[in-house]
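K.L.:
Sharing a model prediction with you, sequence too.
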Amino acid sequence: MADTASNAAAGNSEKEKAIKDFKNKVKCSVFLYDLAPTVSKAVVLTALGQFGNVVDVEIIKNYLDPKQAPVRALVEMETPAQARSVLNQMKDFLFMMGGMPRPVKAIPATEALLSDCPLPKKRLKLEPRILKKTDPGGALAFEWRDLAQRHLAEVELLTKCQKEAEEKLATEQEEQLSVYYKALKRVYDAYDSGAVQKMRDSYSRAKQ
């Protein structure tokens, strides 16, 4: 009996520790969304590394539309203070990631977002069956299905338009950056070739 009580106490202690560690992990985690589809784990690590030590990054993709849909990421920082720093940065400034003109948004992570939650979960008993329009509630279910399909088509169209607008803006920014780079390069070339020094000497002699 003593061994049984001791094992039960040890099990409860480990469970309490696991729950405590999990709740601390939730406080250290941040959920990022509206990320460009090209953003990878390495990009997130580099971008958020300036706010502290990134413990783990989990990229959550939309596998129904992997090419155009924005991705999400669940990021665990080393301390809750570092997580708050990330949240404040995303809230106060337009934070770009991956070179795309798409401001990243962030919210605090919740227990439901983390897959390794040790807390007891309520399980629903599901009984699948084929539904017909003539069944009770069948007509309403079919209306919901049609509405969901319509919403999906609208989301696909909006996502496509958003992607085209972002690509156009990115191209314009790249062209403008190229113009600035060429102008700055001409200035540095003038310095390196000695043309600026010659002009300075000429103006000095002219004043004398």
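P.N.:
Everything's here; your move.

K.L.:
next helix or strand past the helix ranked longest in the chain?
P.N.:
Of all segments of type helix in the chain, defined using DSSP state H, the longest is helix 138-193. Sequence-wise, the next helix or strand beyond helix 138-193 is helix 195-207, with elements assigned using DSSP states H and E.

K.L.:
That following helix relative to helix 138-193, how many degrees between them?
P.N.:
Per axes from the mean of the first three to the mean of the last three C-alpha atoms, to 10 degrees, the angle that helix 195-207 makes with helix 138-193 is 50 degrees.

K.L.:
list the helices and strands helix 195-207 packs on?
P.N.:
Judged by 3 or more C-beta pairs under 8 Å, 6 or more residues apart in numbering; DSSP states H and E, helix 195-207 is in contact with no other helix or strand. Where C-beta positions appear, they are placed from N, C-alpha and C, glycine not excepted.

K.L.:
Residues contacting it, please?
P.N.:
Ala190 (C-beta atoms under 8 Å, 6 or more residues apart in numbering).

K.L.:
Just the mean pLDDT for it, thanks.
P.N.:
Mean pLDDT, helix 195-207: 75.

K.L.:
just stretch 151-159 next, same as before
P.N.:
Rounded mean pLDDT across stretch 151-159 is 84.

K.L.:
and Val30, how many residues sit next to it?
P.N.:
23 (other C-beta atoms under 10 Å).

K.L.:
Tell me where the model's unsure across the protein.
P.N.:
1-12, 63-69, 98-102, 119-124, 207-208 (pLDDT under 70).

K.L.:
Check the gap between the most centrally placed residue in the chain and Leu45 for me.
P.N.:
Nearest to the mean C-alpha position of the chain, counting by C-alpha atoms, centre = their mean, stands Leu32 at 3.5 Å. The spacing between Leu32 and Leu45, counted by C-beta to C-beta, to the nearest Å, is 12 Å.

K.L.:
cool, and Val54?
P.N.:
Distance from Val54 to Leu45, by C-beta to C-beta: 5 Å.

K.L.:
Leu94 now?
P.N.:
21 Å.

K.L.:
what about the two, which has more around it?
P.N.:
Neighbours per residue (other C-beta under 10 Å) separate Leu94 from Leu45, with Leu45 holding more: 13 against 9.

K.L.:
in whichever helix or strand the more buried one is part of, what counts as buried?
P.N.:
Assigned by DSSP H and E, Leu45 falls within helix 41-48. For helix 41-48, the neighbour count (16 or more other C-beta atoms under 10 Å) marks Val43, Val44, Ala47, Leu48 as buried.

K.L.:
which pair in those spans the largest distance?
P.N.:
Taking C-beta to C-beta as the measure, the buried residues of helix 41-48 span a maximum distance of 9.6 Å, between Val43 and Leu48.
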